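Trainee: Quick check, what structure comes out for this input:
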Amino acid sequence: MYFILKEKVLFKFRKIKFMDIKRFNKKSSPEALLVALIEDAAIIIEDLISIDQVKKVNIELEPYLEACNSGKSEFSGLSTKRIGALIARSPACRQLATNSLIKKILDGFLGPFCDDYQINLTQAVSIGPREKPQILHRDRGMYGGFIPRRIEPLLGTVWAITEFTKENGATQVVPGSHTWDRNKEPLPEEIAYAEMKPGSVFLYSGTVLHGGGENLTDSPRLGAFIHYSLSWLRQQENQYLSCPIDIAKNLDPELRSLMGYSRAGYVLGYFSSPNEKHNLELVSPEELFGEKSKYDNFVSPKELIDGSS
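Mentor: Here you go, the predicted model:
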């Protein structure tokens, strides 16, 4: 009888399919990455940046993390440190934000839902020893459920600055859960962990279930988070306050545009200078830096009405 029961248990165990995250390298085609991301809402690109670049990020962020207090809630992490303003604080993080392969993925993933996409958030997250796992959640929840599920509003990137392991707090994710009913709960075997070496990057959609992992080790786990959103949505991190114009004026135009120092459509994002009486009215932010907006050309009333511009 024992052997019969044992065989039944073993057979049942073999049938359990533990979830994993599809892995790629920096030579993978953007098309292959996009297909996997649309299918699972979570992928890893291994060794996308060099160890030298990882070290630069670590050195630039270290003083801010040392001065930072841990979180004040279980969601933000009572043993977790979080700092923002990475564009202003870390030149090495600026290169992460404009990585060419990531931008090609963004073109295909967020591009169908907007004229432009933007940086939504920059944050360094250091999960400290004995931190508990974060509750699984969907980032799109920040918009209160007002965006139809057929529209994907967000894409997150998590760059491994230290090694990510299941034991030290690698991000939890449920691949494929972006297609689930919002009330469905994952089984333990459906949760995967974004284990990766420094220099690798984890990409996930705003609709997939995910959360910070539990750190059972004596060392912190550090990741650089740079998330993107549709340009017609409010940014989670206010980039204009986190990286004011006196810093932004010295940045690459491509990066400034991603931050929102640009028009995001014919009538989105213009400004009027409160200090000018007649010259700077309904102006594109690009003009502050001696540049022109790609939306300066007038569109027809019909294009403005039906959204075909």
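Trainee: C-alpha only now, for contacts and for neighbours.
Mentor: Fine.
Trainee: Just the buried residues of stretch 271-289, please?
Mentor: 283-286 (16 or more other C-alpha atoms under 10 Å).
Trainee: ok, the residues you listed vs residue 81, which is closest?
Mentor: residue 285 (33.4 Å; C-alpha to C-alpha).
Trainee: what about the nearest residue to that closest one once chain neighbours are set aside, neighbour count?
Mentor: Residue nearest to residue 285 in three dimensions, not counting chain neighbours: residue 262, with 5.0 Å by C-alpha to C-alpha, 6 or more residues apart in numbering. Around residue 262 there are 26 other residues, counting by other C-alpha atoms under 10 Å.
Trainee: again with the one 3 residues further on
Mentor: By other C-alpha under 10 Å, the residues close to residue 265 number 19.
Trainee: hang on, the earlier thing: any chance of the buried residues of stretch 271-289 in JSON lines with secondary structure, distance to residue 198 and pLDDT as columns?
Mentor: Output for the buried residues of stretch 271-289, formatted as JSON lines (DSSP: H, G, I helix; E, B strand; the rest coil; distance: C-alpha to C-alpha, whole Å; pLDDT from 0 to 100):
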{"residue": "283", "secondary structure": "strand", "distance to residue 198": "42", "pLDDT": "84"}
{"residue": "284", "secondary structure": "coil", "distance to residue 198": "39", "pLDDT": "88"}
{"residue": "285", "secondary structure": "helix", "distance to residue 198": "36", "pLDDT": "90"}
{"residue": "286", "secondary structure": "helix", "distance to residue 198": "35", "pLDDT": "90"}
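Trainee: Need those residues in JSON lines (columns: distance to residue 99).
Mentor: Listed next are those as JSON lines, based on distance: C-alpha to C-alpha, whole Å:
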{"residue": "283", "distance to residue 99": "29"}
{"residue": "284", "distance to residue 99": "25"}
{"residue": "285", "distance to residue 99": "23"}
{"residue": "286", "distance to residue 99": "22"}
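Trainee: could you show me where the strands are in the stretch 51-200 of the chain, in order?
Mentor: For the stretch 51-200 of the chain, the strands defined by DSSP state E, counting those that start in this stretch cover 80-83, 117-127, 154-160, 172-173, 192-193.
Trainee: So for residue 236, which of those strands sits nearest?
Mentor: strand 117-127 (5.4 Å).
Trainee: tilt between that closest one and strand 154-160?
Mentor: Interaxial angle, strand 117-127 versus strand 154-160 (axes from the mean of the first three to the mean of the last three C-alpha atoms, to 10 degrees): 40 degrees.
Trainee: Perfect, I'm done here.
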